[in-house]
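In: quick one: sequence and predicted model below, then my questions.
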Amino acid sequence: MTDSFLSPNNPSPVGTFKRSCPVDRPFVCTHERPIAGGTTFARAPVMGFQMGLLVIYVVSSITHQLVSSRHRRVILTSFASSLGQATLEFTLVFLLLLVIAWIPADFGLAFYTGQLAQNASREGARIASADPTLASGTASCTMPSCSGQILGETAARISSALLPAAKIDVTLEPDSVPSKCDRKVTVTVSGNYNYFFYHLLKVVGHTVPNTLNIVRSTSMRWEHQTGC
């Protein structure tokens, strides 16, 4: 291979330089060029361009692999740390949410259960006050084993989930002598409401009751009194 050689002081070609590459060492070549006046030549071995590119590629690949591997480890470590922190924060916030939102809801369910018991006793007293076959004394039952018109209708208006094993009592006062026409029939509903979310306060060291005793009763004048 021959190329024109231009002198720095003379832009016209003063000679040519020759490049020769051995077959067994294709990446090591020698250049022949004129030194001065174009009369003598110098030989200088140089590294081939292809070998330089290969070395640069290998070094770049190794560096990229090392940096990428380290970067991936840093990303995975950071992700795992963030995930653990998020889980801990969610747990703390969730417990606080239960305390703030569900404990008042627990009291609301207790109040609602009391209202159900009150409505059931009122309906039972209304039915009993109009029953001509009602005898003096007290009749009782425990849910869900309640039968008969008065006891059954009263039990049907109570939630067995909110007030399990509720007791229902129906009492008719004895007749007075002389009769005053003021005999009363009383229906009483009693039971225990079991707190659920309220027990969460035990986690922070507070002492809370397990149940709330609910007693509701209604009295009405019995309509079937003799001589009235």
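Out: Yep, it's here. Computed from a predicted model, the values in this text were never measured in an experiment. Numbering: from 1, shown residues only.

In: strands of this structure, start to end?
Out: Per DSSP state E, the chain carries strands over the ranges 2-6, 13-20, 28-34, 41-47, 137-142, 167-172, 184-194, 211-221.

In: okay, now the closest residue to residue 144 other than its chain neighbours: neighbour count?
Out: In this structure, residue 144 finds its nearest non-sequential neighbour in residue 160, 6.1 Å apart by Cβ to Cβ, 6 or more residues apart in numbering. C-betas here are computed from N, CA, C, even on glycine. Using other Cβ atoms under 10 Å, residue 160 is surrounded by 12 other residues.

In: low-confidence stretches in this structure?
Out: 1-83 (pLDDT under 70).

In: go with 80
Out: 1-86, 88-89, 91-92, 95-101, 176-180, 197, 199-206, 226-228 (pLDDT under 80).

In: now the helices: where do they sit in it?
Out: 49-97, 103-129, 149-155 (DSSP state H).

In: how close does residue 125 get to residue 200?
Out: Distance of residue 125 to residue 200, computed by Cβ to Cβ, to the nearest Å: 38 Å.

In: between the two, which has more neighbouring residues?
Out: Per other Cβ under 10 Å, whichever of residue 125 and residue 200 has more neighbours is residue 125, with 24 against 17.

In: relative to residue 211, how far out is the more buried one?
Out: From residue 125 to residue 211 the distance is 26 Å (Cβ to Cβ).

In: likewise residue 96?
Out: In terms of Cβ to Cβ, residue 96 sits 26 Å off from residue 211.

In: then residue 93?
Out: With Cβ to Cβ as the criterion, residue 93 and residue 211 are 30 Å apart.

In: and the closest residue to residue 130 other than its chain neighbours, how close does it get to residue 123?
Out: Spatial nearest neighbour of residue 130, chain neighbours left out: residue 223 (5.8 Å); criterion: Cβ to Cβ, 6+ apart. Residue 223 is 16 Å from residue 123, where distance means Cβ to Cβ.

In: who has more neighbours, those two?
Out: residue 123 (17 against 13).

In: neighbours of the spatially closest residue to the more buried one that is not a sequence neighbour, how many?
Out: In this structure, residue 123 finds its nearest non-sequential neighbour in residue 157, 5.8 Å apart by Cβ to Cβ, 6+ apart. Per other Cβ under 10 Å, the neighbour tally for residue 157 reads 16.

In: dump the residue contacts of residue 172.
Out: Applying Cβ atoms under 8 Å, 6 or more residues apart in numbering, we find residue 172 in contact with 128, 134-137, 183-185, 222.

In: try 6 Å this time
Out: 134, 136, 185 (Cβ atoms under 6 Å, 6 or more residues apart in numbering).

In: what's the spacing between the first one and residue 171?
Out: As defined by Cβ to Cβ, residue 134 lies at a distance of 10 Å from residue 171.

In: cool, thanks, signing off.
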